[in-house]
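Participant: no letters, just coordinates:
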């Protein structure tokens, strides 16, 4: 378990970097329990991204945030990518060079190749933030089933995000109770995505991404997309299908899911 937090503040309201650094430090300090081993921060033109790390893989060189070769794209990442070794081999064959052995750096280079379409290739559990300095854009993404939490608030001053609601509270954002979310809580026994207990805060839905791009003094360009949806259940068996054949496919899928997770555990 790790934790991420950060923001992209509009130039006209951005305070000095020392003030931004204090805000980001506070946002990350409140989730120290998620990552007691390490902390890291990156600032650039009103953008700040931070990480609290629980070191599991690549203990020596997996410090975050991590950048690409020329420092134009940065990432903070909470989770695991199960097939990252295979993805790394493909990216190295295309000329990408790696400084670490972590799955985090693989995502960076995959984004360079495919943009937001890269998220559909990731098998794992994750919440991440990418700062693309070339486009003055902050990108958030969450895994298919939402195993890793990710909250965000899109305000007049900019975009804020964090692994826990307390990150946004530490940034002193306005947090007014959302009565619709409260109604949903009493209806379902939980607050479904994308709602949160507060009007200004939303949860990034599973299997989706959000980009927040600033262009001069104009309004931010906000885009949101879905890279995966739950397949529609098949109500009727295919012709010639049998119970034993279906059971074999389930077993094959289960074994393969365990196998790709064991690759990382055995390193």
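Facilitator: Thanks, I have the structure now. Keep in mind that this is a model prediction, so the values were computed, not measured.
Participant: CA atoms for contacts and neighbours, from now on please.
Facilitator: Will do.
Participant: give me the contact list for stretch 99-117.
Facilitator: 57-58, 61-62, 66-68, 73-77, 80-81, 84-85, 87-88, 91, 96, 98, 118, 209, 227 (Cα atoms under 8 Å, 6 or more residues apart in numbering).
Participant: repeat that for stretch 38-52.
Facilitator: 2-11, 14, 17, 20-21, 24-25, 28-29, 31-32, 34-37, 53-55, 63-65, 75-77, 129, 131, 133.
Participant: among those residues, name the ones in helices.
Facilitator: Among those, the members found in helices (DSSP state H) are 17, 20, 21, 24, 25, 28, 29.
Participant: tell me, how many residues neighbour the second one?
Facilitator: Just to be clear, that refers to residue 20. 20 (other Cα atoms under 10 Å).
Participant: hmm, back to that, ok, and the most crowded of the ones in helices among the contacts of stretch 38-52?
Facilitator: If you count neighbours using other Cα under 10 Å, the busiest of these is residue 28, which has 30 neighbours.
Participant: against residue 192, how distant is that residue?
Facilitator: Distance, residue 28 to residue 192, using Cα to Cα, to the nearest Å: 25 Å.
Participant: and residue 215, by the same measure?
Facilitator: For residue 215 relative to residue 192 (Cα to Cα), the value is 33 Å.
Participant: same question for residue 208.
Facilitator: 15 Å.
Participant: again, but for residue 167
Facilitator: The value you get for residue 167 to residue 192, if Cα to Cα is used, is 20 Å.
Participant: between these two, point out the one with more neighbours.
Facilitator: residue 167 (28 against 13).
Participant: grab the nearest non-local neighbour of the more buried one.
Facilitator: Using Cα to Cα, 6 or more residues apart in numbering and skipping the chain neighbours, the partner closest in space to residue 167 is residue 27 (4.4 Å).
Participant: ok, the one you found touching residue 172?
Facilitator: No - contact criterion Cα atoms under 8 Å: residue 27 and residue 172 do not qualify, at 9.6 Å.
Participant: between the two, which is the more surrounded one?
Facilitator: residue 27 (28 against 11).
Participant: what about that one, distance to residue 16?
Facilitator: In terms of Cα to Cα, residue 27 sits 17 Å off from residue 16.
Participant: next one: residue 105
Facilitator: Taken as Cα to Cα, the span from residue 105 to residue 16 is 29 Å.
Participant: more crowded one of these two?
Facilitator: residue 105 (25 against 10).
Participant: and the helix or strand containing the more buried one, which residues are buried?
Facilitator: For residue 105, the host element (DSSP states H and E) is helix 103-114. For helix 103-114, burial by neighbour count (16 or more other Cα atoms under 10 Å) applies to 103, 104, 105, 106, 107, 108, 109, 110, 111.
Participant: enumerate every residue touching the nearest residue to residue 34 once chain neighbours are set aside.
Facilitator: Distance criterion Cα to Cα, 6+ apart; nearest residue to residue 34, sequence neighbours excluded, is residue 2 at 4.8 Å. Counting by Cα under 8 Å, 6+ apart, residue 2 touches 34, 35, 51, 52, 53, 54, 78, 79.
Participant: lowest-confidence entry in those?
Facilitator: Minimum pLDDT for the contacts of residue 2 is recorded at residue 54 (78).
Participant: tally of neighbours for that one?
Facilitator: There are 19 residues near residue 54, going by other Cα under 10 Å.
Participant: which of the contacts of stretch 38-52 are buried?
Facilitator: Buried among the contacts of stretch 38-52 (16+ other Cα under 10 Å): 2-11, 14, 20-21, 24-25, 28-29, 31-32, 34-36, 53-55, 63-65, 75-77, 129, 131.
Participant: ok, residue 127 to residue 49 distance?
Facilitator: Counting by Cα to Cα, the gap from residue 127 to residue 49 is 13 Å.
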